[in-house]
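Visitor: here are the coordinates; sequence isn't available:
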């Protein structure tokens, strides 16, 4: 399972304060604990005004790279900020994200085309989030057409079918899982990801819904997720599900995680 650590995001109050006060130790601490929890990428999202985003991303990325060798996930709704953030990274990481909205994909894909950078691609376009599996798959095929045009291998893409709120859409998981299965049937090597916490928005006991969604989505083919890697309960679910789904030979990763104290 590819874990994209979500704890360095300016929308989190403690991180927002750290950015405002240029408190580097808070950023370093969050990078350190996610690295120790075996994050695959560390997401870096400034969530500041556009005119300040470039310099803020540089400050944050520098701090992360001073602390850990884990690759950075450059996270911004602005393709220009993503491209600028790439310049500060010492090694290829992950761009979060593109979609068929506006010209985002045609700004990002040419830049990463001849690199080892990976990219999250959202299944939405200028009309918003499609409300049927068929429409989401249409957006997916449009994204893959652009990827082929820029010679970007499917294995470098993390497709996000988009998680909607269960309390207002009872088919939230069903539609997500249908997309996962259809995408994996067409492109077995592609990654499928999500920011899964949206599934439980507005519900009590959110962690239970999140954990259940994680396991069921993994069974449908999701192999990447934007989560808190220091959440031991969630990570235990992930390691256990990977073993049960035959993605962890002899349960070695599960056993190592338990011995290292990442879970249990």
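Guide: Looks like it arrived, so ask away. These numbers come from a predicted model, not from an experiment.

Visitor: for the rest of this, base every contact and every neighbour count on C-alpha atoms.
Guide: Noted.

Visitor: so what's residue 202 closest to, chain neighbours aside?
Guide: Of all residues not flanking residue 202 in the chain, residue 167 sits nearest, at 7.1 Å (Cα to Cα, 6 or more residues apart in numbering).

Visitor: and that neighbour, what does it touch?
Guide: 200-203 (Cα atoms under 8 Å, 6 or more residues apart in numbering).

Visitor: list just the nearest of these to residue 45.
Guide: residue 201 (20.8 Å; Cα to Cα).

Visitor: please name the nearest non-neighbouring residue to residue 130.
Guide: Counting by Cα to Cα, 6+ apart, the residue nearest residue 130 is residue 136, at 5.5 Å.

Visitor: can you check the pLDDT for that neighbour?
Guide: Residue 136 carries a pLDDT value of 98.

Visitor: please tell me how far residue 86 sits from residue 118.
Guide: Distance, residue 86 to residue 118, by Cα to Cα, to the nearest Å: 11 Å.

Visitor: so which of the contacts of residue 167 is the most crowded?
Guide: Within those, neighbour counts (other Cα atoms under 10 Å) peak at residue 200, which reaches 21 neighbours.

Visitor: which residues in the protein form helices?
Guide: 13-21, 24-36, 50-67, 79-87, 104-112, 133-149, 172-186, 206-220, 232-244, 252-260 (DSSP state H).

Visitor: show me the domain layout of this structure.
Guide: 1-91, 93-222, 231-264 (automatic domain parsing).

Visitor: how far off centre is the second one?
Guide: Between the mean C-alpha point of domain 93-222 and the mean C-alpha point of its chain there is a distance of 9 Å (Cα atoms, centre = their mean, to the nearest Å).

Visitor: quick one: end-to-end distance for it.
Guide: Domain 93-222 end-to-end distance (Cα to Cα) = 19 Å.

Visitor: likewise for the shortest one?
Guide: According to Cα to Cα, domain 231-264 extends 11 Å from its N-terminal end residue to its C-terminal end residue.

Visitor: what's the neighbour count on residue 172?
Guide: Count around residue 172 with other Cα under 10 Å applied: 18.

Visitor: same question, residue 260
Guide: The burial count for residue 260: 12, using other Cα under 10 Å.

Visitor: kindly provide the distance from it to residue 38.
Guide: Residue 260 is 10 Å from residue 38, by Cα to Cα.

Visitor: before we move on, what about residue 132?
Guide: As for residue 132, its distance to residue 38 is 35 Å (criterion: Cα to Cα).

Visitor: show me the contacts for the spatially most central residue of the chain.
Guide: Nearest to the mean C-alpha position of the chain, by Cα atoms, centre = their mean, lies residue 226 at 3.9 Å. With contact set as Cα under 8 Å, 6+ apart, residue 226 has these partners: 3-6, 193-196.

Visitor: what of residue 160?
Guide: 120-123, 192-194.

Visitor: check residue 158 too.
Guide: Residue 158 sits in contact with 118-121, 190-193, 224, where contact means Cα under 8 Å, 6+ apart.
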